[in-house]
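*Asks:* show me how the following folds:
(one chain, ligands or ions: 2)
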Amino acid sequence: MALVFHSPLDDPEPWRRALASELPDLDVWVWPHVPDPAAIAFALVYRPPPALLASLKHVRAVVSLAAGVDHIPFAALPSGVPVCRMVEPGLAAQMADYVLHAALTAQRGFDHYARCATVGQWDWAPAGAPSAFHVGLLGLGAIGRAVAARLAAAGFSISGWSRLGRTIAGVVVEGGADGLDRLLARSDMVVLLLPATAETAGLVDARFLQRTKRGAHFVNVGRGEHVVDADLLRALDDGQLASATLDVFRVEPLPADHPFWRHPRVRVTPHVAATPVPETGAVAVRAVVDAVRNGLPLPHRVDLERGY
Ligand code: NDP
Ligand code: OXD
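*Replies:* Residues are numbered from 1 along each chain as shown. Ligands and ions are numbered 1, 2, ... in the order given. Next up is the predicted model:
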């Protein structure tokens, strides 16, 4: 029985070592070096190519080598094959760090001081308490909840928005269109932690941005498809938004001529907010393999209709 690994980005060696340690009875093959496609029972993949998908005739579960699953063409999988999201603490901790950094930068005005420094301006303007700074998290899944916990520990006030509006301790949780309006109206910083689905595509458009608090900061660590780029640039230019911290884009790598690169109030990072960590990620893969072997419900199984 074997697991096939594929990623155009990740070094396979740390994954091979971590998987061998967690699942010593499973062969780990790095695509395209697959001695016997019929023996593939599990796949751990990021952006799997068509030939790999075509070889998964006997696969029992596919695990995404990313928290998002929009890189997997579900229709190319044999019917009924379960897909599981990567949910592991190493990745969630990185995202919590990234968003905390963005929140502190905005709340303490560190970007402002960096701009002042370029012209030698001493602009003494201390920030208030973080509790007076309201962060709105769109998406309260595995990652959104980890981010909420880290921001709460740092003293920020937090609201969240999710499809079902499930309660979370210490977070004002909103649901529906009215709930989104309420969250946007009170948030000094809005953070997108949503999956790419038919429902979330283009969510951040001119109408959404008009409903944000004037001068709010915007962070997108979800997916580029959530944002209408031209509307975001307009909101930055007319002062509706104070800044945008963007880690994900409609086209990645972000094309060299995209205006985000040069905008003075846009911070671009190359989709590095959080990546799965082999040691902890392999534990998550083992949980899926164990569940399959024991006939138990699979952890973090994707609803293929819903898209996450
Ligand atoms: P989860 O599936 O655990 O959570 C998704 C959250 O989004 C849930 O709270 C869900 O609501 C909510 N949601 C989904 N659709 C809607 C909708 N239409 N309206 C309102 N809320 C909605 O995902 P994760 O937390 O693990 O990851 C979230 C996303 O973060 C990933 O899909 C990926 O796109 C992105 N990501 C980006 C990374 C980066 O490096 N930039 C790294 C990792 C992830 P409910 O709880 O009600 O189901
Ligand atoms: C993602 C990830 O979904 O890197 O972006 O996990």
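*Asks:* where exactly do the strands run in the protein?
*Replies:* Here the chain has its strands, by DSSP state E, at 2-6, 27-30, 40-45, 61-64, 83-84, 134-138, 157-161, 172-174, 189-192, 216-220, 241-246, 266-268.
*Asks:* what separation do you get for the closest residue to ligand 2 within the stretch 201-308 of the chain and Gly90?
*Replies:* Residue of the stretch 201-308 of the chain nearest ligand 2, by Cβ to the nearest ligand atom: Thr275 (5.1 Å). No exception for glycine: its C-beta is placed from N, CA and C like everyone else's. Computed as Cβ to Cβ, to the nearest Å, the Thr275 to Gly90 distance reads 9 Å.
*Asks:* these two: who's more crowded?
*Replies:* Taking neighbours as other Cβ atoms under 10 Å, Thr275 and Gly90 compare with Thr275 leading, 19 against 16.
*Asks:* is it true that the more buried one touches Gln94?
*Replies:* Yes. At 6.9 Å, Thr275 counts as touching Gln94 under the criterion of Cβ atoms under 8 Å.
*Asks:* residues touching the residue of the chain found nearest ligand 1, list them.
*Replies:* With Cβ to the nearest ligand atom as the measure, Gly141 is the residue of the chain nearest to ligand 1, at 1.7 Å. Neighbour list for Gly141: Ser162, Leu193, Pro195, Tyr308 [criterion: Cβ atoms under 8 Å, 6 or more residues apart in numbering].
*Asks:* now those residues in CSV, with distance to ligand 1, pLDDT and neighbour count?
*Replies:* Formatted as CSV, these follow (distance: Cβ to the nearest ligand atom, whole Å; pLDDT from 0 to 100; neighbours: other Cβ atoms under 10 Å):
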residue, distance to ligand 1, pLDDT, neighbour count
Ser162, 3, 97, 21
Leu193, 5, 98, 27
Pro195, 3, 98, 22
Tyr308, 4, 97, 19
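*Asks:* between those, which is nearest ligand 2?
*Replies:* Nearest member of those to ligand 2, counting by Cβ to the nearest ligand atom, is Pro195, at 8.3 Å.
*Asks:* the closest residue to the closest one other than its chain neighbours: what's it in contact with?
*Replies:* Excluding its sequence neighbours, the residue lying closest to Pro195 (Cβ to Cβ, 6 or more residues apart in numbering) is Tyr308, at 3.8 Å. Applying Cβ under 8 Å, 6+ apart, we find Tyr308 in contact with Gly68, Val69, Arg85, Gly141, Pro195, Thr197, Val302.
*Asks:* same question for Leu203.
*Replies:* Leu138, Leu192, Leu194, His226, Val227.
*Asks:* residues from this protein in reach of ligand 2?
*Replies:* Near ligand 2, the residues belonging to the chain are Ala66, Ala67, Gly68, Leu91, Ala274, Thr275, Pro276 when assessed by Cβ under 6 Å from any ligand atom.
*Asks:* now do the contacts for the fourth one.
*Replies:* If I follow you right, that is Leu91. Listed by Cβ under 8 Å, 6+ apart, the contact partners of Leu91 are Ala67, Ile143, Ala274, Thr275, Pro276, Val277, Thr280, Gly281.
*Asks:* now do 10 Å
*Replies:* 66-67, 142-143, 146, 273-277, 280-281, 284 (Cβ atoms under 10 Å, 6 or more residues apart in numbering).
*Asks:* no further questions, thank you.
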